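Engineer: generate a structure from the sequence data that follows.
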Amino acid sequence: SIAAGIVAILVSHNLLRAALHWTLLIVSLLNCLLSTACSVGLALAIALTVHGRGTHLVRGCNSSALPADARTAIATNDCPFNTTRIYDTALALWFPSLLLAAAEAVLSGRCCLVALVFRGIRPCAHGYGKEQV
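Structural biologist: The predicted model follows:
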């Protein structure tokens, strides 16, 4: 993401350099694919956690007294982590991360389109992009 942002800034200051256009296209396409994969993975993790009521989050505990709901505290010391708020904390961190990864994918996709417009590649090549350059 940082590399795509730096290349986009360089392209905005050097509009006529074709090498920067291709670099922006490649970097932003890779970033778009990676951000989309991250969004899908986070959405899947959220769905599985909510569906299983967080039991997968405490699966690493070696206790036979695992609760059916991860929101309840485990009374044993067999877990390597504090289980009292793992369900709420995981979801509180995953939802904003999902939103940010989705926004990053959208912005990287737009950078791809800008690079295509600058290179004149169809169907994005309208006369408007050439006029702006």
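
Engineer: buried residues of stretch 101-116, list them for me.
Structural biologist: 101, 102, 104, 105, 107, 108, 109, 111, 112, 114, 115, 116 (16 or more other CB atoms under 10 Å). All C-beta atoms are positioned from the backbone trio N, CA, C, and that covers glycine.

Engineer: you'd agree the first one is up against residue 35?
Structural biologist: Yes. Residue 101 is in contact with residue 35 according to CB atoms under 8 Å; the separation is 5.2 Å.

Engineer: any chance of the buried residues of stretch 101-116 in CSV, plus pLDDT and secondary structure?
Structural biologist: Formatted as CSV, the buried residues of stretch 101-116 follow (pLDDT from 0 to 100; DSSP: H, G, I helix; E, B strand; the rest coil):
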residue, pLDDT, secondary structure
101, 96, helix
102, 96, helix
104, 94, helix
105, 95, helix
107, 93, helix
108, 93, helix
109, 92, helix
111, 89, helix
112, 89, helix
114, 85, helix
115, 86, helix
116, 86, helix
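
Engineer: let's have those residues in TSV, adding distance to residue 28.
Structural biologist: As requested, those are arranged in TSV below (distance: CB to CB, whole Å):
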residue	distance to residue 28
101	15
102	16
104	10
105	10
107	9
108	5
109	8
111	4
112	5
114	8
115	6
116	10
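
Engineer: what pLDDT, on average, does the helix or strand harbouring residue 30 get?
Structural biologist: Taking DSSP states H and E as the definition, residue 30 sits inside helix 18-51. Averaged across helix 18-51, pLDDT comes to 93.

Engineer: now the residue nearest to the spatial centre of the chain: how far from residue 38?
Structural biologist: What sits nearest the mean C-alpha location of the chain, by CA atoms, centre = their mean, is residue 101, with 2.6 Å. Residue 101 is 4 Å from residue 38, where distance means CB to CB, to the nearest Å.
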